[in-house]
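# Here is a sequence together with a model predicted from it:
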2 protein chains.
Amino acid sequence: MKKKVTLKQIAKELDVSISTVSKSLRNSLEIGEETRLKVQAFAKFYNYKPNNIALSLKNRKTKTIGIIIPEIVHYFFSTVINGIEQIANEKGYSVIICLSNDSFDKEVLNMEMLANGSIDGFIMSLSKETQYKADFHHITEVINQGMPVVMFDRITNEVLCDKVIIDDKTAAYEAVQSLIDKGRKKIALVTTVDYVSVGKLRTDGYIKALLDNGIPFNENLIIKIEDVDTCEITIGKLMEDKAIDAVFAVNELFAVTIIKTAHKIGLKVPDDLAVIAFTDGIISKYSTPTITTVSQSGSKMGKKAAKMLIDRLESEEEDGEENYKTEVIETHLIERESTN
Amino acid sequence: MKKKVTLKQIAKELDVSISTVSKSLRNSLEIGEETRLKVQAFAKFYNYKPNNIALSLKNRKTKTIGIIIPEIVHYFFSTVINGIEQIANEKGYSVIICLSNDSFDKEVLNMEMLANGSIDGFIMSLSKETQYKADFHHITEVINQGMPVVMFDRITNEVLCDKVIIDDKTAAYEAVQSLIDKGRKKIALVTTVDYVSVGKLRTDGYIKALLDNGIPFNENLIIKIEDVDTCEITIGKLMEDKAIDAVFAVNELFAVTIIKTAHKIGLKVPDDLAVIAFTDGIISKYSTPTITTVSQSGSKMGKKAAKMLIDRLESEEEDGEENYKTEVIETHLIERESTN
C-alpha cells in the first residue's frame, strides 16, 4: 500500500511553503501557473487526498471539538481551555487540543490534521504569525466546507464566523481611568509589538482615556517590548528619571518585573508607582504586593465559545453568514495592593 | 446510515461504568457473566466497533503523538508539553493533547478516541482517580494491541512500558538535607493526600533525611492537604506555636501561601522560617522573597519521553518487555531568597 503523502511532504519536496501547496491545490490564482501545475501534478502522482470534510460530516459526528491555541505556558489560554472543557463535558463532547506555537505553518498543519475526520468543529485563537501574514485561507477553507469555527481573543475581521472577544479598548480605557482617578498623571503603557490585534486595541483605549481627561499623550511613555529583560532596562530608566508615576502593563509578567525593578531602585509600590496588569493570571494573586488586574475572564470566554460551537453543530438550520455573532465578554478590574 | 454507538453511550444506556463496558467487551472475567453478556449483546446489536489498532497501525502512520495529562492549569505539565513539542517538531511529528481532568472515565474515553486511528502512540501522566482505583486495563489494552505508551511523572509499576520519572525520593531527601545543613531542625512537610505516587516518594525522602541526620521524626509535622485554605490554617497554627523553623512544600502554591501566612503572623522568611518548594513553576521566580525550589525539569522530561516514543515507533525491532526502560531525570536545587 502506498504511503499517504502529506501537505508538508509536498512542500518540502518541491521546496515551496505549505501555504503555497495548500493554495495551489485549491487552484488559487494567487499562485503562479507554473508552481500551481507542478504542485497539482505532484499531488496527483502521489495520490494526495485533500480533506473532504463535507463528505465526512455527512457520514458521522465525532462529538469532538478541536482547539487550536498559540501556546500553552500561558495562564489565560489554560483558563479558556478549562471553560471549554466544562461545557463540552456537560454536553457530551470530547476535546482535542493542538498548539500552533505562534507559527502559521503549524496552525495550517494542525487544522488539516484535525479537520480530516477527527472533529466536528474548531475553537481557535490565531497565531501571531497568522495575524502578521494576514493569511487566513486555511480557516475560510474549512468553513466553506461546512465545518464551523469559533474564534476567540486573537481574532480577525477578515474571516466570517462566530467570535468571542473582550472589549480590549474599553477594558484598557477603564484601567487607565482608574489610575487617573487616583491622581496619577504620568502613566506608561507597557505593551508588546503591534501586529497582535489586541495590543493595538489596548493602546487605543489607553490613549483615549488620557485625552478624555485632558492629559497630553506622550509617545515616549508607550513602551513596546517582547521580553522581560528589555522591560527592566527601559522602565528602570523612566523610573529613575521620575518620568512616570503609574504603569499599565498588558501582561502580568511585565507588571511583576516592573515592581521588582521599582523595588531595586528604591521606589515604593503603589506610593511612588501604581501598577495595573491586563490578565487574571496566577502571579498577580501571589506576588508582593499583589497586583491589580483587568480580568480577562478566560473561563467565561471558553464557556461562551463552546456554547456557540455546540449550538451551531446541533442546530438544524442551514448555516449562513447572516447568523454569525460576535459575543463580547465583560471584563472587570480586580483591585489589589499595587494601586491602593 | 446507523450512527456509531460509543463506549460512553453503552455505559449510560446499561447504567454501568465505562470501565465495566470496556472490560466486558474484552471478555474480562473480572466482570460477572450476566453483565458481560448483556454488554456484548448490546454492543453487537448497535454494531459497536471496538478499536482495531493493530489493523490501523499496519495500514498507516499518522506521524502524530497523543498526550494525555491530568490538568492544564499547571505549569509543570505545560513545560512537559513544550519539551514534547520541541522534539516532535524536529522529528516531523504532530502532537494532540487531551485532558483527563484527573478523572478515570475521561482518561479511558480520551484513550479510546485517540487510539482509533488518530495517533501512533501515547505519552501520558495518570489521573489521580486512575492511581486511586489502580485500574489500568485501558492502558495495557492499547499496549497489547501494539501501540506504544510512554508514561511520565505519575506512573504505575503495574503497567510494563517505557517511563520517564524524576527520583522524587532522592530529590526530597536533598532538599531536606539542604535545610538541615542550614541549621534547621523543626522541618515540616506540606504535602497532598497519599494516593498520588509521587507524594508518597517525597514523604519517604523527607523522613529518610531526618533520620539519617539523627533528627527524630514527628508525625505531626507532616501536613496533608488538598487546597490552599487548609494550608493557611494548619501551618499558621504551627508557626504561632514556634513548632517549625522550615517548610518543605510539595508545590509552589503551598509554599507561597505559607510565606504569606508567615508574614501575617510577623515571622521573617527565611530568618524565622526557611521555605523550599518542589516544582520549577513561575510563581517561585516572581514572589517576594523568591522561593528556593527543587526543579522538576518538566521540559527535559517531555523531551526524553518524546525521544523514547519516537525511537520505539521508528525502530524496526519487535517490541518486547525486555526492552522497556525507565529513565530518571536529574533534579537540582535552585537556591533563592527563601532559604538564604
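It's in.
# Could I get the buried residue list for stretch A:297-311?
Neighbour-count burial for stretch A:297-311 flags A:297-310 (criterion: 16 or more other Cβ atoms under 10 Å in any protein chain shown). No exception for glycine: its C-beta is placed from N, CA and C like everyone else's.
# does any bit of it sit next to chain B?
No - Stretch A:297-311 does not reach chain B (Cβ under 8 Å from any Cβ of the partner chain); its nearest approach is 9.8 Å.
# In PDB, list the C-alpha atoms belonging to that stretch.
Below are the C-alpha coordinates for stretch A:297-311, written out as PDB (Å, rounded to 0.1, in the frame of the first residue of the first chain):
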ATOM      1  CA  SER A 297     -12.400  36.200  32.100                       C
ATOM      2  CA  GLY A 298     -10.700  33.300  30.200                       C
ATOM      3  CA  SER A 299     -13.000  30.700  31.700                       C
ATOM      4  CA  LYS A 300     -16.100  32.700  30.700                       C
ATOM      5  CA  MET A 301     -14.700  33.100  27.200                       C
ATOM      6  CA  GLY A 302     -14.100  29.400  26.900                       C
ATOM      7  CA  LYS A 303     -17.600  28.600  28.100                       C
ATOM      8  CA  LYS A 304     -19.200  31.000  25.700                       C
ATOM      9  CA  ALA A 305     -17.100  29.800  22.700                       C
ATOM     10  CA  ALA A 306     -18.000  26.100  23.500                       C
ATOM     11  CA  LYS A 307     -21.700  27.000  23.700                       C
ATOM     12  CA  MET A 308     -21.700  28.900  20.400                       C
ATOM     13  CA  LEU A 309     -19.900  26.000  18.600                       C
ATOM     14  CA  ILE A 310     -22.100  23.300  20.100                       C
ATOM     15  CA  ASP A 311     -25.300  25.300  19.300                       C
END
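# where do the helices sit along chain A?
Along chain A, the stretches classed as helices by DSSP state H are A:7-14, A:18-25, A:33-45, A:53-59, A:75-91, A:104-115, A:128-133, A:137-144, A:168-181, A:197-212, A:228-240, A:252-265, A:282-286, A:298-314.
# For the buried residues of stretch A:297-311, could you give me JSON lines that also reports pLDDT?
Listed next are the buried residues of stretch A:297-311 as JSON lines, based on pLDDT from 0 to 100:
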{"residue": "A:297", "pLDDT": "88"}
{"residue": "A:298", "pLDDT": "92"}
{"residue": "A:299", "pLDDT": "93"}
{"residue": "A:300", "pLDDT": "95"}
{"residue": "A:301", "pLDDT": "96"}
{"residue": "A:302", "pLDDT": "97"}
{"residue": "A:303", "pLDDT": "98"}
{"residue": "A:304", "pLDDT": "98"}
{"residue": "A:305", "pLDDT": "98"}
{"residue": "A:306", "pLDDT": "98"}
{"residue": "A:307", "pLDDT": "98"}
{"residue": "A:308", "pLDDT": "97"}
{"residue": "A:309", "pLDDT": "97"}
{"residue": "A:310", "pLDDT": "96"}
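# from those residues, which two are the most distant?
For the buried residues of stretch A:297-311, the maximum inter-member distance is 19.4 Å, found between A:297 and A:310 (Cβ to Cβ).
# picking that back up, and which of the buried residues of stretch A:297-311 is nearest residue A:115?
residue A:309 (14.1 Å).
# is it possible to export the helices of chain A to TSV including distance to residue B:282?
Converted to TSV, these look like this (distance: least, Cβ to Cβ, whole Å):
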stretch	distance to residue B:282
helix A:7-14	33
helix A:18-25	33
helix A:33-45	44
helix A:53-59	39
helix A:75-91	9
helix A:104-115	24
helix A:128-133	21
helix A:137-144	31
helix A:168-181	23
helix A:197-212	21
helix A:228-240	11
helix A:252-265	8
helix A:282-286	6
helix A:298-314	16
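# for the ones you listed, which one sits closest to residue B:174?
Taking Cβ to Cβ, helix A:282-286 is the member of those nearest to residue B:174, at 25.4 Å.
# List, one by one, the residues from the stretch 151-300 of chain A near chain B.
That would be A:253, A:256-257, A:260, A:263, A:282-283, A:286-288, which are the residues of the stretch 151-300 of chain A within reach of chain B (Cβ under 8 Å from any Cβ).
# So for residue A:323, what's the pLDDT?
We have a pLDDT of 85 for residue A:323.
# before we move on, what about residue A:189?
94.
# Surely residue A:143 touches residue A:158?
No - with contact defined as Cβ atoms under 8 Å, residue A:143 does not count as touching residue A:158 (12.0 Å).
# higher neighbour count, those two?
residue A:143 (20 against 10; other Cβ atoms under 10 Å in any protein chain shown).
# For the more buried one, list the residues it contacts.
Counting by Cβ atoms under 8 Å, 6 or more residues apart in numbering or on different chains, residue A:143 touches A:149, A:159-161.
# ranking the helices of chain A by burial, who's on top?
Neighbour counts (mean count of other Cβ atoms under 10 Å in any protein chain shown) averaged over each of the helices of chain A peak at helix A:104-115, with a mean of 24.
# Report all helices and strands that it contacts.
helix A:7-14, helix A:18-25, strand A:64-69, strand A:94-99, strand A:121-124, helix A:128-133, helix A:137-144, strand B:94-99 (3 or more Cβ pairs under 8 Å, 6 or more residues apart in numbering or on different chains; DSSP states H and E).
# repeat that for 7 Å
When contacts are defined as 3 or more Cβ pairs under 7 Å, 6 or more residues apart in numbering or on different chains; DSSP states H and E, helix A:104-115 packs onto helix A:7-14, helix A:18-25, strand A:64-69, strand A:94-99, helix A:128-133, helix A:137-144, strand B:94-99.
# Could you tell me how many residues sit around the nearest residue to residue A:221 once chain neighbours are set aside?
Excluding the flanking residues, the one nearest residue A:221 by Cβ to Cβ, 6 or more residues apart in numbering or on different chains is residue A:188, at 4.5 Å. Residues within reach of residue A:188, counting by other Cβ under 10 Å, total 25.
# Verify the stated contact: residue A:188 with residue A:223.
Yes - judged on Cβ atoms under 7 Å, residue A:188 makes contact with residue A:223 at a distance of 6.1 Å.
# which stretches of chain A have low pLDDT?
A:1-4, A:49-60, A:194-197, A:316-322 (pLDDT under 70).
# How many residues are close by the residue nearest to residue A:81 when sequence neighbours are not counted?
Nearest residue to residue A:81 in three dimensions, chain neighbours excluded: residue B:72, at 5.3 Å (Cβ to Cβ, 6+ apart). Neighbour count for residue B:72, taken as other Cβ under 10 Å: 21.
# do residue A:134 as well
10.
# which ones are touching it?
residue A:158 (Cβ atoms under 7 Å, 6 or more residues apart in numbering or on different chains).
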